[in-house]
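J.: predicted structure and sequence below. I'll ask about it afterward.
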Amino acid sequence: MAMPIGGMAGLTMQGTPSLRLPGEHFAAAICFLFLGALGLIWVAPDLAAGLYLSPHVAGVTHCFTLGWLSMTIFGAVYQLLPVALGVSISSERAGHFSFWTFAPGVALFASGVAFSSADLRYVGIGLITIAIICLLINVGLSLRRVVKRDVIWAAVMTGISFLTVTLLLGALLAQNMQVGFLGDARIRVLTTHLHVAMLGWVLVMIMGISHRLLPMFLLAHTAGTQWTKRALAFIAPGVVVLGCGLATNHHIAGVSISWVGLILVEAGIVCFLRQAWLFFKARKRPRLDAGLRHAATALIFLGCAATLAPIVMLNGMGARRLDTSYVLLGLLGGLSLYVVGQFYKVVPFLAWMARFHDDMGKKRVPTVAQLYSARIAHIDLLLFVLGIVGMFAGVLTAMPSVVRGAACLFAGGVVLFASQVIRVAFGTSFGVATPAPSTPPARALG
């Protein structure tokens, strides 16, 4: 089945865990995305005022960073590690344990931050720490057995290393909320924590996973792949240098170091966008489906955020509305929307494999594309784009009503997207035509 479905069977192979493990991560991630979307409506006045230090804003942000993005990446790693690197996960049971520790930990921690509850914060960060340590050991033992250590291996190793740093900085900030020992350095540590998380952890993992998935989805296996390696070579040291510079940004040397780090990171993002462009350009199917349209739009937002970054750096940490709009553009437009696009590609295929694979050649089965509505997917993309652009403009112009209205549009996109995922997991196929039993596998899977 590898080639008839355009490489999509490369999402599963012998050694991959049961679909329950990535499935529970993806389901929890959708829940946190929904909570985060509701939270955006709630904190709209704070966002419009540029109050990114507000506990309410911080709590909502962690719904996206920990609950939505990190949870999704964990599930993707469990599913794709055996496929991309040729080794099975060391312990599926440990994967379930880390999930059932991480999910409630994120919920408790985000609630504790949002509502200034020290007890919830401490319990939450404790559970998160246990879960991440368990995941690091589990994935680390698997990575040790990899024979061919290519760019995907390097991306996963780099990503989980930055995840460790993110956890340490997060724990430091959580303790500071109770004691306040960081003083004026709080903003610098927070800025460092955010960039290490978004660039070093999430973006690097997206780069590694996309190196496998984009050519598979686009049928672009003839495209050159050297730009991913270049992107990683720039971004990994760039995040380290940028973090060191941001942490000491009140000194002239710190400012200079920050600019060096930013230049390296920007070069890495340009290389990643170049690699993605080559994949899209070399695709065998000229028409993009809904999932790939989400991903392409997200890459545009990522480029816009990268373009805005030097302006943010020039204005320093005093332009809070500009800082807030920059994070919104990168977090929601560049990273979150890209993950939504990958959901539209990965989840329907995994659901198809679980429900219809054994029926191929025996009875009529739907195509993968018929498991969800392309029309609804394009509508939710429109709502996402309008919501992100509206929140960005509303924050820059300090208009709470615009931010809240745009946040409602974004939440509407999340509701439609979540309804699609639920339909894929439990519902019936869209469309009136289904392939006949004699239809070859290539045509049946679309």
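T.: Right, received. Where do you want to start? Numbering: from 1, shown residues only.

J.: so the residue lying closest to Leu38 once chain neighbours are set aside is in which element?
T.: Closest residue to Leu38 apart from its sequence neighbours, by CB to CB, 6 or more residues apart in numbering: Ala411 at 6.3 Å. Just so you know, the C-beta spots here come from the backbone N, C-alpha and C atoms, and that holds for glycine as well. Using DSSP states H and E, Ala411 maps to helix 400-426.

J.: just the pLDDT at the most centrally placed residue in the chain, thanks.
T.: Residue closest to the mean C-alpha point of the chain, counted by CA atoms, centre = their mean, is Leu69 at 3.9 Å. pLDDT recorded at Leu69 is 97.

J.: apart from its chain neighbours, what residue comes closest to it?
T.: Setting aside the residues directly before and after it, Leu69 is nearest to Val202 in space (CB to CB, 6+ apart), at 5.1 Å.

J.: enumerate every residue touching that neighbour.
T.: Each residue near Val202 by CB atoms under 8 Å, 6 or more residues apart in numbering is listed here: Thr65, Leu69, Ser70, Ile73, Leu335.

J.: tally of neighbours for Lys363?
T.: Lys363 has 10 neighbouring residues, counting by other CB atoms under 10 Å.

J.: confidence score at it?
T.: Looking at Lys363, its pLDDT reads 77.

J.: where's it relative to His294, distance?
T.: 32 Å (CB to CB, to the nearest Å).

J.: for stretch 220-238, what is the average pLDDT?
T.: Stretch 220-238 comes out at a mean pLDDT of 92.

J.: buried ones in that stretch?
T.: Under the neighbour-count criterion of 16 or more other CB atoms under 10 Å, stretch 220-238 has 220, 223, 225, 227-236, 238 buried.

J.: alpha carbons only: can I get that stretch in CSV?
T.: Taking C-alpha atoms only, stretch 220-238 is exported to CSV below (Å, rounded to 0.1, in the frame of the first residue of the first chain):
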residue,chain,number,x,y,z
ALA,A,220,6.8,15.8,-4.1
HIS,A,221,9.4,13.2,-3.6
THR,A,222,11.6,14.6,-6.4
ALA,A,223,12.1,17.9,-4.6
GLY,A,224,15.5,18.7,-3.1
THR,A,225,15.6,18.4,0.7
GLN,A,226,18.8,20.1,1.6
TRP,A,227,17.1,23.3,2.9
THR,A,228,15.7,21.5,6.0
LYS,A,229,19.2,20.7,7.2
ARG,A,230,20.3,24.3,6.6
ALA,A,231,17.2,25.6,8.5
LEU,A,232,18.1,23.4,11.5
ALA,A,233,21.7,24.5,11.3
PHE,A,234,20.7,28.1,11.6
ILE,A,235,17.7,27.9,14.1
ALA,A,236,19.3,25.6,16.7
PRO,A,237,22.3,27.9,17.6
GLY,A,238,20.1,30.9,16.8
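
J.: next one: that stretch to chain centre, how far?
T.: 18 Å (CA atoms, centre = their mean, to the nearest Å).

J.: what does it contact?
T.: Looking at what lies outside stretch 220-238 - CB under 8 Å, 6+ apart - the contacts are 7, 151, 154-155, 158, 199-200, 203-204, 207-208, 210-211, 214-215, 261-269, 271-272, 274-275, 278-284.

J.: now, which of these lie within helices?
T.: 151, 154-155, 158, 204, 207-208, 210-211, 214-215, 261-269, 271-272, 274-275, 278-281 (DSSP state H).

J.: among those residues, the buried ones, what's the ChimeraX command?
T.: Only the buried entries of the ones in helices among the contacts of stretch 220-238 go into this ChimeraX selection, using 16+ other CB under 10 Å:
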select :151,154,155,158,204,207,208,210,211,214,215,261,262,264,265,266,267,268,269,271,272,274,275,278,279,280
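
J.: residues contacting Val424?
T.: Neighbouring residues of Val424 by CB under 8 Å, 6+ apart: Val347, Pro348, Ala351, Leu371, Tyr372.

J.: on that earlier part again, list the buried residues of the helix holding Ala411.
T.: Going by neighbour count (16+ other CB under 10 Å), the buried part of helix 400-426 is 402-414, 416-418, 420-421, 423-425.

J.: distance between the helix or strand harbouring Arg293 and the chain's centre?
T.: Assigned by DSSP H and E, Arg293 belongs to helix 290-315. Centre-to-centre, helix 290-315 and its host chain are 14 Å apart (CA atoms, centre = their mean).

J.: can you pull the poorly scored residue ranges out of this structure?
T.: Along the chain, the model assigns pLDDT under 70 to residues 1-17, 249-251, 361, 428-446.

J.: go again with 50.
T.: Across the chain, the ranges flagged by pLDDT under 50 are 1-9, 432-446.

J.: hey, C-alpha coordinates of stretch 39-48 in PDB?
T.: Taking C-alpha atoms only, stretch 39-48 is exported to PDB below (Å, rounded to 0.1, in the frame of the first residue of the first chain):
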ATOM      1  CA  GLY A  39     -10.000  32.100  26.500                       C
ATOM      2  CA  LEU A  40      -9.100  34.500  23.700                       C
ATOM      3  CA  ILE A  41     -12.700  36.000  23.900                       C
ATOM      4  CA  TRP A  42     -12.300  36.300  27.700                       C
ATOM      5  CA  VAL A  43      -9.000  38.100  27.700                       C
ATOM      6  CA  ALA A  44      -9.700  40.300  24.700                       C
ATOM      7  CA  PRO A  45      -9.500  43.600  26.700                       C
ATOM      8  CA  ASP A  46      -6.200  42.500  28.100                       C
ATOM      9  CA  LEU A  47      -4.900  41.700  24.700                       C
ATOM     10  CA  ALA A  48      -6.000  45.000  23.300                       C
END
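
J.: perfect, that will be all.
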